[in-house]
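# just need the structure, nothing else, for what follows:
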Amino acid sequence: MKDAQDEKVKLHSYKPHTDECCKPCPKPPKKNCIFTFTPDQADLFEDLLDDLIASIQSSYIPPAGPLPNVLKVLQNLFKTMRLSLRDKAALFAATELNITAYEQSDEWSDALIAATGQTLTELYAFSLLACVSSDVKDGWVSRIRLAETNLAGISGSVPPAISGTVINLDGGNVPTSLSLNTSTGFPANGAIAVTNFTSIGIPVSSSNSGQSVSIELANNFGGNNFAFSMPRQGTLTAITASFFPTNTTISGGSIRIQAQLCRALPNSPLYTPLIAIPETVAALSPTLSGSTSGITCGVSLQNLSVALNPEDRLVLVFTISSSNPNVSPSTLTGTIGGTLTILPVNAPPTSVGPIIPLACKNSVSLDFSPSGFGTSAGIVGFGFSENQQFTSFGASIDVSPQLAAFTSPLAGSGTLTAFAAYFSIDISQTSALEQPITVYAQPYKYTAANQISPIPDTLLHVGDFLETKITQTTPPVHAIKTGLNITVNQGDRIVLVFTVLSAGTPAGGVVRGWASGGVSIGPGS
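Predicted structure coming up:
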């Protein structure tokens, strides 16, 4: 890179042309640039500089963090550019040394900081010799300087301490697909990360900028109700998100991965879209281009202060977009995952335990007999539900072996303090109610391998549906039960069971709908 910087154009002094001039007139001096960029390459380089800034943070403790993946995509970019062997070798040597140092470090060591600084120096020289406008070049230089400022502040900084309740939406390593609109480049299909599971691709809508995303869960695929309900008040303080693409090659542009926490109010039917909370919209690093082999995209949002109310319904949604709608492919497959950190309100972080999210994928069927008593129950884990015979409110229920895979055992003993429940009628299955219906919910826990039993004194009247025609605007029923103090033990697995009663006179019936909720666990007494 130094040789390229020192290169000068040698021309004899310019003289006005005259008939006596014996030498050909010199050509005007060449532009002081060497490295040419296509518009797509320039856009990608700028995105990757933003990714560098986001990756060089004290919140990422090596070897965890997206910096090596950002450098790998930079290497993909260098491969597509017309660079001399010497320049390409210098750039690859600096970035490869940086990748190795990061992946072999347990923290931001002096050697890693030096290697990262060398990478930034090479990129600075590379930017100065780029054949782009001065405004673009100034923007690149400013970004590199900001990355250098972040690097300089790392050695003396302390990573943020994680406190409060962490909801782990690990995705279960289940592959899914994310797609973009080939006319606009905006998100087309997104996916939701669930504990031990991931949704299929679900249609999403976005604003004119492509940034503000909304998602409707009661869609034409039969519903994807992965929205759980907050069982208590809290403050969202941090989000992490990651995307592991399958091996593919991206051409004709770059693709950005985005994560956002979407929310709906408890009185909204499932046909009402969940809207992204603005403070939680985050671009994952790196922007993807070229080969995705061995690359992981990630982001960590810290120092958030988003108020979450009891019964708020939440989903963590992943999408993709591109500034070039013609980018190929328009669909990426991979696995997703993330975490939500939630602090209690008016209480120390240590005073509150886990939140157990619960939501069914498909609607459940709640049958009742001619006498009005429930004869079937909808059992809800997180990402899965099933219907089983129901005999009475105090009796155990046999369940399928599959249900356990959609529950998480408690990491320690504690106290069940509250739970929330939500039920929205599926109009594709139930177009009208011929009699009033009362919906109940109750947490159950596993008492045998394939058997669950009700937790005493927790039956909740969720709400009533009157005799009526059902439409997309029919309000759901929802409720929360607080003030509980019920001991639960390490290893307990908890699900939510929904049933109905009818006070009407017709001979039996069924109501089908989407059921979800959330359970709050406090410290042991």
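# next, the closest residue to Phe197 other than its chain neighbours: phi, psi?
Closest residue to Phe197 apart from its sequence neighbours, by C-beta to C-beta, 6 or more residues apart in numbering: Gly383 at 3.7 Å. (Each C-beta comes from the backbone N, C-alpha and C, glycine too.) The phi/psi pair for Gly383 (degrees, to the nearest 10) reads phi 100, psi 0.
# equivalent analysis for Ala147, please.
Ala147 adopts backbone torsions of phi -60, psi -40, taken as degrees, to the nearest 10.
# and it, what does it touch?
49, 52-53, 56, 120 (C-beta atoms under 8 Å, 6 or more residues apart in numbering).
# coming back round to it: surely the residue nearest to Phe197 and Lys361 touch.
Yes: in this structure, Gly383 is within contact of Lys361 by C-beta atoms under 8 Å, at 5.8 Å.
# comparing those two, which residue is more hemmed in?
A count of neighbours by other C-beta atoms under 10 Å puts Gly383 above the other of Gly383 and Lys361, at 27 against 24.
# distance check, the more buried one against Arg263.
Going from Gly383 to Arg263 by C-beta to C-beta, to the nearest Å gives 19 Å.
# and if you look at Gly164?
Gly164 is 18 Å from Arg263, by C-beta to C-beta.
# ok, now Ser516?
Distance, Ser516 to Arg263, by C-beta to C-beta: 13 Å.
# need the residues touching each of the two.
Arg313.
# who has more neighbours out of these two?
More neighbours surround Ser516 than the other of Ser516 and Arg263, with 29 against 21 (other C-beta under 10 Å).
# give me the contacts around the helix or strand hosting Ile113.
Applying DSSP states H and E as the criterion places Ile113 in helix 110-128. Identification of contacts with helix 110-128 by C-beta under 8 Å, 6+ apart yields 1-2, 4-5, 35, 49, 52, 56, 62, 67, 71, 74, 87, 90-91, 94-95, 97-98, 101-102, 105, 137, 140-141, 144, 147-148, 151, 154-155.
# quick one: which of these sit in helices?
Within these, membership in helices is found for 2, 4-5, 49, 52, 67, 71, 74, 87, 90-91, 94-95, 97-98, 101-102, 137, 140-141, 144, 147-148, 151, 154, as judged by DSSP state H.
# what number of residues lie near Ser453?
For Ser453, using other C-beta under 10 Å, the count is 14.
# pretty sure it sits against Gln442.
No: if you go by C-beta under 8 Å, Ser453 and Gln442 don't touch, sitting 10.4 Å apart.
# residues in contact with Thr198?
Contacts of Thr198 by C-beta under 8 Å, 6+ apart are 171-172, 174-176, 191-192, 335-336.
# try it again at 6 Å.
Going by C-beta atoms under 6 Å, 6 or more residues apart in numbering, Thr198 touches 171, 174, 176, 336.
# distance-wise, check the first one relative to Val281.
If I follow you right, that is Gly171. Where Val281 is concerned, Gly171 sits at a distance of 19 Å (C-beta to C-beta).
# which one's more surrounded, the two?
The neighbour count for Gly171 versus Val281, taken as other C-beta under 10 Å, is higher for Gly171 (27 against 19).
# could I get the phi/psi values of the more buried one?
Here is the backbone geometry of Gly171 (degrees, to the nearest 10): phi 80, psi -10.
# remind me which residues of this protein are low pLDDT?
1-32, 156-162, 209-210, 219-223, 349-350, 504-507, 525 (pLDDT under 70).
# can you name every helix or strand that the top strand by length along it contacts?
Counting residues, the longest strand found in the chain (DSSP state E) is strand 249-264. Here strand 249-264 touches strand 274-276, strand 282-283, strand 288-291, strand 313-321, going by 3 or more C-beta pairs under 6 Å, 6 or more residues apart in numbering; DSSP states H and E.
# helices or strands up against the third one?
The one in question is strand 288-291. The contact analysis (3+ C-beta pairs under 6 Å, 6+ apart) places strand 288-291 against helix 67-80, strand 249-264.
# figure out which of these is closest to Gly298.
Proximity to Gly298, assessed across these by C-beta to C-beta, is greatest for helix 67-80 (7.6 Å).
# residues contacting Ser396?
Neighbour list for Ser396: 451, 453 [criterion: C-beta under 6 Å, 6+ apart].
# got the end-to-end distance for stretch 366-384?
One end of stretch 366-384 sits 16 Å from the other (C-alpha to C-alpha, to the nearest Å).
# correct me, but Gln388 touches Ile397?
Yes: contact criterion C-beta atoms under 6 Å: Gln388 and Ile397 qualify, at 5.2 Å.
# more neighbours, those two?
For Gln388 and Ile397, the more surrounded residue by other C-beta under 10 Å is Ile397, and the numbers stand at 19 against 16.
# check contacts around the more buried one.
Going by C-beta under 6 Å, 6+ apart, Ile397 touches 388, 452.
# run through the bridge partners of it.
For Ile397, the beta-bridge partners under DSSP bridges are Ile452.
# just the helices in the chain please.
Secondary structure of the chain (DSSP H): helices at 2-6, 39-55, 67-80, 85-103, 110-128, 134-154.
# can you pull the buried residues of the fifth one?
Burial within helix 110-128, assessed by neighbour count using 16 or more other C-beta atoms under 10 Å, is assigned to 112-113, 115-120, 122-128.
# now do the longest one
Of the residues in helix 134-154, 136-137, 140-141, 143-144, 147-148, 150-151, 154 count as buried by neighbour count, 16+ other C-beta under 10 Å.
# now Val462, nearest residue through space, not along the chain?
Distances taken as C-beta to C-beta, 6+ apart place Val439 nearest to Val462, at 4.3 Å, with adjacent residues excluded.
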